[in-house]
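Colleague: My questions are about this predicted structure, shown below with the sequence.
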Amino acid sequence: MNNLDFTFSDLISGYVTNYNSTEKVIELNTSDGRPYRAQLTDNTYAKQTQNLKEGWLDRGGKLDSLLVTGQMVFLYGTFFPESEVNFEINYIVFAGDNKEDLRYNEKGWWIEQIDSIATSYIKWQFNAPSDEIDYKNYRTLISLTGGKKNADYLQETDTISRMVYGMASAYMLTGKDEYLEAAEKGTDYLRDKMRFVDTDTGMIYWYHGQKVGAGGQEQKLLVSEFGDDYDSIPAYEQIYALAGPIQTYRLNGDPQILDDASKTIDLFDEYYRDKEKGGYYSHIHAVTLSAHEESLGRNKAKKNWNSVGDHAPAYLINLWLATEEPRYKTMLEDTFDTIVKYFPDYDNSPFVQEKFFDDWSKDQTWGWQQNRAVVGHNLKIAWNLMRFQAVQPKDAYLKLAEKIAGLMPDVGYDKQRFGWYDVVERVLKPGQKFHRYAWHDRKAWWQQEQGILAYLILQGHIPANSEYKKYADESAAFYNAFFLDHNDGGVYFNVLANGTPYLMGTERFKGSHSMSAYHSTELCFLSTVYIDLMIQKRPLDLFFKPMANGFENRILRVSPDMLPPGSMRITACTIDGQPYNNFNSEKLYVQLPTSDNRLSVKVTVTPN
């Protein structure tokens with residue numbers, strides 16, 4: 001195509017280089033330095049990025065003071081290909097009221113966001129606070145506005161667990177009891193309804209979910225009903241069954257949760273782990289618990305990112321933070337050593353390899369993935385390598401994390417508009433400059449999370465590298481400008497490349513097989529941790545409510561994530577509102593007093 005002869009609308013994101021208020025022209029450069037000239041019109045309006053529950057923040061009358069050199073802006077408008085191509089602005093979104101202070105860095109920004117998201121989910125699922133929180137009313141599918149279809153009564157284990165994670169994380173940052181109640185009731189519901197205990201071995205595994213009939217009859221679903229994993233027990237469903245309970249354990253120390261986790265990990269070690277060649281199989285047979293059954297079809301004796309790497313972010317890092325048990329640190333080290341050894345494929349592609357046969361040879365013919373990359377999985381590896389690097393530093397971990405962080409902006413990032421793409425071809429064909437999108441150029445909420453957290457933690461570890469700050473800023477600014485649903489609450493599943501919400505099919509929902517209150521709340525929780533404790537160097541309050549018999553030896557470990565040794569300390573603690581001094585400031589634990597009652601604990605951690 002040599003000539004562009006039609007109009008179209010799009011987004012330009014970048015940094016102001018000049019503003020001519022007389023001619024009403026903005027000049028700016030994109031993320032990769034390409035210059036644009038944009039024309040204001042009589043109808044152009046401007047707003048400031050707003051948090052959930054915030055009202056409209058009009059900035060139309062402040063353009064002269066805001067459009068300064070270096071200011072980050074999002075310009076949505078229309079291209080008119082005339083004698084020259086003109087771009088006329090429909091609206092402007094500002095990332096901050098000055099170029100230094102982006103809104104997502106504000107103290108309490110992410111805490112307010114997680115509070116809003118958690119409030120939305122307990123309202124949608126249980127009509128709380130008007131009604132009691134009762135998980136028999138939980139539905140996997142939640143509409144855009146939070147509605148439920150009465151005919152659909154599917155309860156998937158993983159989505160309940162993911163919601164529980166969000167509630168527990170919201171409590172740790174806000175101390176609001178309704179979130180703790182939702183986390184603990186959800187954990188109890190999973191244990192009562194979705195847990196299967198093998199009486200012969202003592203091992204635990206988790207049902208895919210259950211269907212509940214009109215009369216309340218419960219039909220347990222042992223094997224997955226999701227298409228990719230149909231009629232098997234996929235590893236990632238067992239992995240994510242632990243996500244919510246373990247985050248809840250960090251708050252209350254419930255020994256039953258710890259026992260469930262230990263016995264589920266026994267299941268991973270016995271049936272999913274390849275004891276000879278390493279790693280974990282992605283699927284096992286429901287009867288024989290073998291990964292080698294012919295009936296598993298394309299999933300027979302396979303390994304992938306989810307079965308190997310997802311242990312760490314879903315539950316294992318949090319389990320180690322709560323216990324510092326050597327078994328879990330050893331498992332983490334083995335996981336990351338396996339990733340470093342087998343996933344890089346840089347002689348052939350800038351993306352890691354994600355799917356493998358039994359012997360670690362590459363599987364590039366499986367289902368929808370073929371020889372394609374999930375951009376967010378690459379970012380997730382970098383993020384989690386840096387987390388574990390703080391506890392078990394290795395040159396190989398740092399090298400791979402930085403390799404990924406250096407490559408992804410050129411192959412998985414939108415330098416025109418900001419934000420991270422979804423699934424792309426891993427290899428360029430002759431004559432191609434851009435890695436082709438597998439289906440679309442939309443951007444999913446969870447992949448934005450991985451990008452934001454990856455570059456935030458890298459910025460915290462390596463502040464001298466300005467590129468890490470740049471991509472953290474741009475990713476977080478794009479997410480907060482376009483993913484927050486200010487009409488109905490929560491966040492959108494997908495937006496178009498230009499930031500417009502994509503509201504079709506299951507991607508319209510706020511609850512589905514893929515979405516619950518997990519990635520959005522995890523982003524809020526860990527962004528708060530990384531920004532306050534590593535980047536802005538601000539004290540952070542954390543809340544816990546141990547059971548009377550909670551935590552072995554009554555030791556409450558409060559480190560919110562794996563951060564470099566000596567980077568923070570406890571500076572204050574209260575129990576039931578009263579000052580309490582029996583804590584180890586440097587080792588980040590509170591020695592709880594003997595009590596027959598639950599204790600409300602507030603801990604302030606401060607960067608060194």
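Modeller: Good, I have the coordinates. Because the structure is a prediction, the values reported are computed rather than measured.
Colleague: Now do the SS call for the residue of the chain positioned farthest from its centre.
Modeller: The outermost residue of the chain relative to its centre, with distances by CA atoms, centre = their mean, is Ser83 at 45.8 Å. Counting by DSSP: H, G, I helix; E, B strand; the rest coil, the backbone at Ser83 sits in coil.
Colleague: Same check on the one 3 residues further on?
Modeller: Secondary structure, three-state DSSP: Asn86 is strand.
Colleague: Do a quick rundown of the strands in the stretch 1-150 of the chain.
Modeller: In the stretch 1-150 of the chain, the strands defined using DSSP state E, counting those that start in this stretch lie at 8-20, 25-29, 35-39, 45-48, 72-81, 85-94.
Colleague: One more: the stretch 451-600 of the chain?
Modeller: Counting by DSSP E, counting those that start in this stretch, the strands of the stretch 451-600 of the chain are 494-495, 540-544, 555-557, 568-575, 578-579, 583-584, 589-591.
Colleague: how about low-confidence regions in the protein?
Modeller: 1-2, 150-152 (pLDDT under 70).
Colleague: how far away is Tyr249 from Lys47?
Modeller: 41 Å (CB to CB, to the nearest Å). Just so you know, the C-beta spots here come from the backbone N, C-alpha and C atoms, and that holds for glycine as well.
Colleague: nope, Lys399 is what I was after
Modeller: To Lys47, Lys399 is 42 Å away according to CB to CB.
Colleague: Now do the contacts for the residue nearest to the spatial centre of the chain.
Modeller: When CA atoms, centre = their mean is applied to the chain, the residue found nearest the centroid is His519 (3.3 Å). Applying CB atoms under 8 Å, 6 or more residues apart in numbering to His519 gives the contacts 445-446, 449.
Colleague: ok, 10 Å please
Modeller: 162, 165-166, 376, 444-450, 453, 491 (CB atoms under 10 Å, 6 or more residues apart in numbering).
Colleague: what angle sits between the helix or strand containing Tyr249 and strand 540-544?
Modeller: Using DSSP states H and E, Tyr249 maps to helix 243-252. Helix 243-252 runs at 100 degrees relative to strand 540-544, counting by axes from the mean of the first three to the mean of the last three CA atoms, to 10 degrees.
Colleague: what's helix 243-252 packed up against?
Modeller: helix 157-174, helix 177-189, helix 255-267, helix 317-323, helix 519-530, strand 540-544, strand 555-557 (3 or more CB pairs under 10 Å, 6 or more residues apart in numbering; DSSP states H and E).
Colleague: redo that, cut-off 6 Å
Modeller: Judged by 3 or more CB pairs under 6 Å, 6 or more residues apart in numbering; DSSP states H and E, helix 243-252 is in contact with helix 157-174, helix 177-189, helix 255-267, helix 317-323.
Colleague: Restricting to C-alpha, output that helix in PDB.
Modeller: Coordinates of the C-alpha atoms in helix 243-252 are reproduced here as PDB (Å, rounded to 0.1, in the frame of the first residue of the first chain):
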ATOM      1  CA  ALA A 243      -3.200 -19.200  45.500                       C
ATOM      2  CA  GLY A 244      -6.000 -17.800  47.700                       C
ATOM      3  CA  PRO A 245      -5.600 -20.100  50.700                       C
ATOM      4  CA  ILE A 246      -1.900 -19.400  51.000                       C
ATOM      5  CA  GLN A 247      -2.300 -15.700  50.800                       C
ATOM      6  CA  THR A 248      -5.000 -16.100  53.500                       C
ATOM      7  CA  TYR A 249      -2.500 -18.200  55.600                       C
ATOM      8  CA  ARG A 250      -0.100 -15.200  55.600                       C
ATOM      9  CA  LEU A 251      -2.800 -13.300  57.500                       C
ATOM     10  CA  ASN A 252      -4.200 -15.900  59.900                       C
END
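Colleague: mind checking how far it is from the chain centre?
Modeller: 17 Å (CA atoms, centre = their mean, to the nearest Å).
Colleague: Give me the contact list for that helix.
Modeller: Residues outside helix 243-252 that contact it (CB atoms under 6 Å, 6 or more residues apart in numbering): 161, 164-165, 168, 183, 187, 257, 261, 314-315, 318-319, 322, 544-547, 550.
Colleague: Repeat that for stretch 282-302.
Modeller: Counting by CB under 6 Å, 6+ apart, 222-223, 232-235, 271, 281, 303-304, 307, 358, 366 sit against stretch 282-302.
Colleague: Quick one, which of those are buried?
Modeller: Using 16 or more other CB atoms under 10 Å as the burial test, the contacts of stretch 282-302 include 223, 232-235, 271, 281, 303-304, 307, 358, 366 as buried.
Colleague: Which ones among those map onto helices?
Modeller: 235, 307 (DSSP state H).
Colleague: sorry, back to before: settle it for me: which of Lys399 and Lys47 has more neighbours?
Modeller: Lys47 (16 against 13; other CB atoms under 10 Å).
Colleague: beta partners of that one?
Modeller: Asp58, Val93 (DSSP bridges).
Colleague: re the thing from before, now the residue nearest to the centre of the chain: how far from Ala118?
Modeller: 14 Å.
Colleague: try Glu333
Modeller: From Glu333 to Ala118 the distance is 33 Å (CB to CB).
Colleague: Likewise for Arg442?
Modeller: From Arg442 to Ala118 the distance is 26 Å (CB to CB).
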